[in-house]
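Q: Just the structure for this:
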Amino acid sequence: MDMNRPLADRIRPKSLDEVVGQRHLLSPGKALYNLISTGDIPNLIFYGPSGVGKTTVASIIASATNRSLRRLNGTTASTQDIKDIVAELDTFSAPNGILLYLDEIQYFNKRQQQSLLEFIENGKITLIASTTENPYFYIYPAILSRSTVFEFKPIESKEILPAVERGFDFLSQENGVETELGQGVAELICESSGGDVRKALNGAENCFYASPTIDGKKEITLETARQLTQNSAVKYDRGGDEHYDIISAYQKSMRGSDADAALHYLARLLEAGDLPSACRRLVVCACEDVGLAYPQIIPIVKSAVDIAMMVGLPEARIPLADAVILVANAPKSNSGEAAIDAALADVRKGGCGTVPRQLQNKHFDGEDAEVKGQFYEYPHNYKNHWVNQQYLPDNLKNRSYYTYGDNKNEQAFKAYWDKIKACNDNGEK
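A: Have a look, this model is predicted:
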């Protein structure tokens, strides 16, 4: 036994019955359980935070297949590593094909993912990939379409407890000492792990080795556990753990005008040192969710973000907190986002059409033009700087994308332009 390996690896479960949590996937009758039981394994993508069993389940699947197992990690693997695996196909070293376990697939670029596609499609490579990031953002669509995605979820602390207790028993046997846990030690380690079994087992191992051995016995106190687990509950980190969940909750809390919740998720981002995500999502929220209801907020938030990036942490928390509270309390409107999304939908459907002649950037007519002249009406030549003329292509000329929001600001715009257009509809100069 290699005692330098983390405890989580040394006591990794060998069967599905030993895996803690993930009952929504691994209970008898569930789809993933049934797939593993039949041994007919399709391409799989395991999505979820770290330390919740993705690698463990993949290892159990690998041990049950008669294919040659190869492992790659997206953070370190190169295109040459992929080529080396492909070169083994149809050789004596991989007569039945290869089962490739690719951890952190989100770090593979598009070209690297595409290089696997042909062999995934013909079945010579069965891919089991894991990722802490949202696969629909980071994984090449052609890979996704040929794979089945299963989401692994954070594990309840009560489900982690048996693993922690088993870890302490294992360490006791491995080191030949008796271990006595103080009341609440195991529970504290589980609660501080943020649903991450690996983190809980690391905490147990740290507590074990940090406690002195007296007369062949280790007494692990609650105080020792508190000292070694006080910072471990920060589940989100810049490497991607629950990345999309945290930033999604951050923006949705601002959108929902809950300043307290927004500050909570901001604190989690900042505690993990992820200043860029905190700033980026704050700016997006100001534009997307406040928008035209209070357009002045956009340069205000941009200034707060600039200050935060200039001073860095920990001082950056102050302008960001001000901006988050402002966004949460501001009136809301998504009319701008809805308008551009409607316009994009038309463009993506091919609904473009020819730019009207009066708007084209040319001042001559071909011989085929039946009516010559550009006929552009310059709005500043007319009363109130507006004239009624067609701007959209003919096939979209009656299309309306923007609907005024029901807030004070946009309703003021609407009242102004309703009045102007009613007065100027005759083209009065």
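Q: quick one, strands of the chain?
A: Along the chain, the stretches classed as strands by DSSP state E are 44-47, 68-73, 98-103, 125-131, 148-151, 178-181, 213-214, 217-220.
Q: Take those strands and lay them out in JSON lines including mean pLDDT.
A: Listed next are those as JSON lines, based on pLDDT from 0 to 100:
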{"stretch": "strand 44-47", "mean pLDDT": "92"}
{"stretch": "strand 68-73", "mean pLDDT": "83"}
{"stretch": "strand 98-103", "mean pLDDT": "86"}
{"stretch": "strand 125-131", "mean pLDDT": "88"}
{"stretch": "strand 148-151", "mean pLDDT": "91"}
{"stretch": "strand 178-181", "mean pLDDT": "91"}
{"stretch": "strand 213-214", "mean pLDDT": "90"}
{"stretch": "strand 217-220", "mean pLDDT": "91"}
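Q: Next, format those as TSV and append mean neighbour count and distance to residue 259.
A: For the C-beta atoms, the positions are set from N, CA and C on the backbone; glycine is no exception. Shown next, in TSV, are the strands of the chain (neighbours: other Cβ atoms under 10 Å; distance: least, Cβ to Cβ, whole Å):
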stretch	mean neighbour count	distance to residue 259
strand 44-47	24	31
strand 68-73	18	40
strand 98-103	22	38
strand 125-131	25	32
strand 148-151	16	30
strand 178-181	16	41
strand 213-214	12	50
strand 217-220	18	41
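Q: To residue 11, which of the ones you listed lies closest?
A: Among the strands of the chain, strand 178-181 comes nearest to residue 11, with 14.6 Å by Cβ to Cβ.
Q: How far does the closest one sit from its chain's centre?
A: 41 Å (Cα atoms, centre = their mean, to the nearest Å).
Q: Equivalent analysis for stretch 247-257, please.
A: On Cα atoms, centre = their mean, the centre of stretch 247-257 falls 14 Å from that of its chain.
Q: Not counting it itself, show me its contacts.
A: Identification of contacts with stretch 247-257 by Cβ atoms under 8 Å, 6 or more residues apart in numbering yields 259, 261-262, 264-266, 269, 277-278, 281-282, 284-285, 289, 324, 327-329, 332.
Q: how about the strands of the chain in CSV, adding distance to residue 349?
A: Listed next are the strands of the chain as CSV, based on distance: least, Cβ to Cβ, whole Å:
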stretch, distance to residue 349
strand 44-47, 30
strand 68-73, 40
strand 98-103, 36
strand 125-131, 32
strand 148-151, 28
strand 178-181, 64
strand 213-214, 72
strand 217-220, 64
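Q: And the most centrally placed residue in the chain, how far from residue 406?
A: In the chain, the centroid-proximal residue (Cα atoms, centre = their mean) is residue 244; its distance is 3.0 Å. Separation of residue 244 from residue 406 (Cβ to Cβ, to the nearest Å): 31 Å.
Q: before we move on, back to that, quick check: which of the strands of the chain is nearest to residue 117?
A: strand 125-131 (9.8 Å).
Q: which residues touch that closest one?
A: The contact list for strand 125-131 (Cβ under 8 Å, 6+ apart) reads 41-47, 54-55, 58, 61-62, 65, 67, 85-86, 89, 97-106, 116, 119-120, 138-139, 143, 147.
Q: Narrow those residues to those that are buried.
A: Applying 16 or more other Cβ atoms under 10 Å to the contacts of strand 125-131, the neighbour count classes 41, 43-47, 54-55, 58, 61-62, 65, 67, 85-86, 89, 97-106, 116, 119-120, 138-139, 143, 147 as buried.
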